[in-house]
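*Asks:* below are the sequence and a predicted model; questions follow.
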Amino acid sequence: MLRRRWTGPLLLALLLTVLAPLPAAARPAGAAASAAADPVPLRTGTAKGAPTVPLPSLGATTTQVARGLRRPTALVGPDDGTDRLFITEKSGTVRVYHPDTGLAAAPLVDITSAVDESGNERGLLGIALPPDFAASRNLYLAYTARPDGAVTLARYRLDESRLEVLLSQEHAEYNNHNGGQLAFGPDGNLYWSIGDGGGSGDPFRSGQRLDTLLGKILRIDVSRGCDPLPYCVPADNPFVDTDGAREEIWLYGLRNPWRFSFDDADGSMWIGDVGQGRWEEIDHLAPGQGGLNLGWSCYEGLERFEDGDCAPGETYTEPVFTYSPYTGGCSVIGGHVYRGQKYADLAGGTYIATDYCSSTVWALRPDGSGGYEQAEIGEMPTQVTSIGTTADGEFYVVNDLPGGLHRVSFAREEPTCRVDRTVTTWGTGTTVDLTVTNTGGTPVNGWTLEFPLTLGQTVVSDWNTDLTQGSNVIKATDASHNATIAPGASITLGYLAGHTGDASPPPRFTLNGDACAVGR
């Protein structure tokens with residue numbers, strides 16, 4: 001689903017677009033050594049009908065399988081029949097894990113002499129394996145380079161232990177917002193995310209500029225070179241004919257897109273873009289949607305950013321999901337759509353993400369009507385930096401200072417609560433009555449109901465609860481007369497809120513930290 005918004009007093013509109021993947025023809029600049037990048041076949045065996053498990057009934061847990069990593073940043077599973085995982089460490093090493101033998105002591109790759117790991121966010125940040133990895137033995141690395149922290153893309157030839165720099169972008173002023181995700185798309189091209197240059201509030205106005213690679217996702221063909229470049233720019237990149245624009249740019253208007261991924265079934269792109277402090281966001285783009293402006297720094301999430309860089313008449317693409325750091329989060333960690341076999345009936349087609357600080361597991365799933373189901377379905381270990389997959393699509397995560405590798409599992413866990421909503425809306429006001437039912441087998445003695453409000457809604461008054469609002473996050477606690485909810489029993493509460501045009505009811509709820517089913 002793509003939503004578009006316009007600066008100025010124009011009505012928000014909703015646009016649903018589904019496009020086929022664009023061809024990966026390369027721009028004819030100089031002599032080419034070989035044909036353009038080969039498209040990557042999409043998975044078909046795991047793209048069956050939607051799972052029957054409602055999101056609030058889906059639970060995610062993790063099991064630690066390795067320890068001793070030193071600030072791991074990313075992980076990827078080579079499709080070479082070995083069942084291995086490659087894990088990057090901030091200092092500049094790539095470690096190998098095998099489920100039978102554990103974490104190998106000796107690194108597979110060591111480029112520490114080339115990596116600037118000063119500051120909390122610099123270092124070896126990303127890794128991607130080309131579709132022909134089993135034959136070529138090449139891998140691709142994103143890192144901040146010595147001596148000045150330039151964000152750098154390089155090819156590493158395992159058979160020769162040789163590092164070849166392909167592309168770099170100056171990034172000396174601040175050590176944060178480096179991006180660093182690498183992934184091969186379904187078109188066979190390599191995509192790379194770079195942050196806006198760091199600092200606070202996009203001081204270089206990088207997000208909206210097309211003359212810099214900062215604040216962008218790039219798309220290049222690394223299967224060949226186009227002299228004098230060691231790579232080629234695909235001819236259908238959106239800005240190849242735009243004066244003054246960097247031709248490598250695929251998407252712009254990003255702040256720090258730390259992690260993005262492609263859905264192996266439909267080729268769509270999911271992006272987790274770290275916010276300034278008010279909103280974390282997730283974007284979902286149909287295949288081939290190059291040239292979109294994702295809003296930063298005119299917008300942070302769905303909200304106009306104070307003193308942001310807004311151009312009259314510019315079109316922006318809205319995120320499909322946002323959350324406030326008032327939930328305890330600080331940095332969204334974008335993940336993947338589950339396309340493995342082991343949990344296909346439970347989690348198939350579900351996008352999973354988390355947050356570095358809150359460790360909340362967010363689950364999103366297209367609802368078939370242009371919107372998205374959403375739920376909190378568990379907690380990850382503390383300080384997860386990346387969610388990765390094996391070659392078969394099973395999930396693992398790594399976490400930062402504890403330095404662990406964890407396997408992710410899914411199970412059906414029926415919620416022990418249900419919330420039904422009755423909404424009355426008029427003008428700029430709305431009343432919402434909530435009926436909370438204990439569907440579990442034990443009494444609830446004392447409760448806190450948490451839920452988000454749509455941007456622009458502000459609670460004016462409440463009843464049968466003690467309600468507080470922080471940003472868009474509501475915490476409603478019991479009143480003395482309704483603190484106990486017996487099994488099968490219900491209590492009611494409600495609130496009056498003002499709104500600025502969107503009177504949508506809350507989409508999700510947790511009762512004492514557990515996700516509730518959502519009724520009418």
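*Replies:* Noted; the coordinates are in hand. Quick caveat: nothing in here was measured; it's all calculated off a predicted structure.
*Asks:* list the contacts of the closest residue in space to Q383 that isn't next to it in sequence.
*Replies:* In space, and not counting its chain neighbours, Q383 is closest to D400: 4.0 Å by Cβ to Cβ, 6 or more residues apart in numbering. Any C-beta I mention is one placed from the backbone N, CA and C, and that applies to glycine too. Shown in contact with D400 (Cβ atoms under 8 Å, 6 or more residues apart in numbering): 71-72, 356, 383-385.
*Asks:* including distance to A363, could those residues go into TSV?
*Replies:* Putting those into TSV (distance: Cβ to Cβ, whole Å) gives the following:
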residue	distance to A363
R71	27
P72	23
Y356	18
Q383	20
V384	15
T385	19
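*Asks:* outside of the host helix or strand of V459, which residues touch it?
*Replies:* In this structure, V459 is located in strand 458-463 according to DSSP states H and E. If you take Cβ under 8 Å, 6+ apart as the criterion, strand 458-463 is touched by 429, 453, 467, 469, 474, 476, 493-499.
*Asks:* need the buried ones from those selected in ChimeraX.
*Replies:* Command for ChimeraX that selects the buried part of the contacts of strand 458-463, burial taken from 16 or more other Cβ atoms under 10 Å:
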select :453,467,469,474,476,493,494,495,497,499
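*Asks:* from the contacts of strand 458-463, which is closest to L163?
*Replies:* Lowest distance from L163 to these (Cβ to Cβ) belongs to L453, with 49.4 Å.
*Asks:* that closest one touches I474, doesn't it?
*Replies:* Yes: assessed by Cβ atoms under 8 Å, L453 is found in contact with I474 at 6.1 Å.
*Asks:* how about T62, nearest residue that isn't a chain neighbour?
*Replies:* Once flanking residues are discounted, T62 sits nearest to H406: 4.0 Å by Cβ to Cβ, 6+ apart.
*Asks:* try R95
*Replies:* Nearest to R95 is I87, by Cβ to Cβ, 6+ apart, at 4.7 Å.
*Asks:* roughly how far does that neighbour sit from P107?
*Replies:* 10 Å (Cβ to Cβ, to the nearest Å).
*Asks:* of those two, who's got more company?
*Replies:* The residue with more neighbours, out of I87 and P107, is I87; 26 against 17, by other Cβ atoms under 10 Å.
*Asks:* D466: neighbour count?
*Replies:* Counted with other Cβ under 10 Å, the neighbours of D466 add up to 13.
*Asks:* next, count neighbours for the spatially closest residue to it that is not a sequence neighbour.
*Replies:* Nearest in space to D466, with sequence neighbours left out and distances taken as Cβ to Cβ, 6+ apart, is T477 at 4.8 Å. For T477, the count of nearby residues is 15 (other Cβ under 10 Å).
*Asks:* all helices of the protein, in order?
*Replies:* Shown for the chain, the helices assigned by DSSP state H span residues 133-136, 344-347.
*Asks:* straight-line length of stretch 471-490, end to end?
*Replies:* This stretch, stretch 471-490, spans 28 Å end to end (Cα to Cα, to the nearest Å).
*Asks:* list the buried ones in it?
*Replies:* 471-474, 476, 478, 482, 485, 490.
*Asks:* rebuild those residues as a markdown table, extending it with pLDDT and distance to A286.
*Replies:* Below are the buried residues of stretch 471-490 laid out as a markdown table (pLDDT from 0 to 100; distance: Cβ to Cβ, whole Å):
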| residue | pLDDT | distance to A286 |
| --- | --- | --- |
| S471 | 84 | 30 |
| N472 | 87 | 27 |
| V473 | 91 | 30 |
| I474 | 95 | 33 |
| A476 | 97 | 37 |
| D478 | 98 | 44 |
| N482 | 97 | 46 |
| I485 | 98 | 43 |
| S490 | 98 | 41 |
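*Asks:* strands - which of those land there?
*Replies:* Of the positions in the buried residues of stretch 471-490, 473-474, 476, 485, 490 sit in strands, assigned by DSSP state E.
*Asks:* so which of the residues you listed comes closest to D38?
*Replies:* Nearest member of these to D38, counting by Cβ to Cβ, is V473, at 46.2 Å.
*Asks:* list the contacts of the residue lying closest to G446 once chain neighbours are set aside.
*Replies:* Nearest residue to G446, sequence neighbours excluded (Cβ to Cβ, 6+ apart): A483, at 5.2 Å. Neighbour list for A483: 445-447 [criterion: Cβ under 8 Å, 6+ apart].
*Asks:* ok, A483 to I474 distance?
*Replies:* 18 Å.
*Asks:* circling back: wouldn't the residue nearest to T62 be in contact with R67 here?
*Replies:* No: if you go by Cβ under 8 Å, H406 and R67 don't touch, sitting 9.9 Å apart.
*Asks:* so G126 touches T88, yeah?
*Replies:* Yes: in this structure, G126 is within contact of T88 by Cβ under 8 Å, at 7.1 Å.
*Asks:* identify the contacts common to the two.
*Replies:* Here G126 and T88 have 73-74, 141 as joint contacts, going by Cβ under 8 Å, 6+ apart.
*Asks:* low-confidence ranges in this protein?
*Replies:* 1-36, 41-51 (pLDDT under 70).
*Asks:* what sits up against stretch 406-417?
*Replies:* Here stretch 406-417 makes contact (Cβ under 8 Å, 6+ apart) with 53, 56-65, 338, 343, 346-347, 352, 380-381, 387, 394-399, 436-441, 444, 509, 511, 514-517.
*Asks:* so among those residues, which ones count as buried?
*Replies:* Here, 16+ other Cβ under 10 Å leaves 53, 56-62, 338, 343, 346-347, 352, 380-381, 387, 394-399, 436-438, 440, 444, 509, 511, 514-517 buried among those.
*Asks:* which stretches in the stretch 151-300 of the chain count as strands?
*Replies:* 162-169, 182-184, 190-194, 216-220, 249-252, 259-262, 269-273, 280-285, 299-300 (DSSP state E, counting those that start in this stretch).
*Asks:* now the terminal residues of stretch 113-122, how far apart.
*Replies:* End-to-end distance for stretch 113-122: 14 Å, by Cα to Cα.
*Asks:* related to what we said a few turns ago, between the contacts of strand 458-463, which sits nearest G225?
*Replies:* Looking at the contacts of strand 458-463 and their distance to G225, the nearest is L453, at 51.9 Å (Cβ to Cβ).
*Asks:* so what's that closest one closest to, chain neighbours aside?
*Replies:* Closest to L453 by Cβ to Cβ, 6+ apart is N472, at 4.7 Å.
*Asks:* is it true that that neighbour touches T327?
*Replies:* No: N472 is not in contact with T327 according to Cβ under 8 Å; the separation is 9.5 Å.
*Asks:* so which of the buried ones among the contacts of stretch 406-417 sit within strands?
*Replies:* 58-62, 352, 387, 395-399, 436-438, 444, 511, 514-515, 517.
*Asks:* before we move on, back to that, how about a markdown table for the helices of the chain, with distance to G198 added?
*Replies:* As requested, the helices of the chain are exported to a markdown table (distance: least, Cβ to Cβ, whole Å):
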| stretch | distance to G198 |
| --- | --- |
| helix 133-136 | 32 |
| helix 344-347 | 35 |
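*Asks:* quick one: closest of these to G275.
*Replies:* helix 344-347 (26.1 Å).
*Asks:* helices and strands around that closest one, which ones?
*Replies:* strand 404-412 (3 or more Cβ pairs under 8 Å, 6 or more residues apart in numbering; DSSP states H and E).
*Asks:* re earlier: neighbour count: G126 and T88, which is higher?
*Replies:* Per other Cβ under 10 Å, whichever of G126 and T88 has more neighbours is T88, with 31 against 24.
*Asks:* my guess is that one contacts R71. True?
*Replies:* No: with contact defined as Cβ under 8 Å, T88 does not count as touching R71 (9.5 Å).
*Asks:* how near is the closest residue to D80 other than its chain neighbours to L158?
*Replies:* Closest residue in space to D80, ignoring its immediate chain neighbours: A134 at 4.0 Å, by Cβ to Cβ, 6+ apart. According to Cβ to Cβ, A134 stands 11 Å off from L158.
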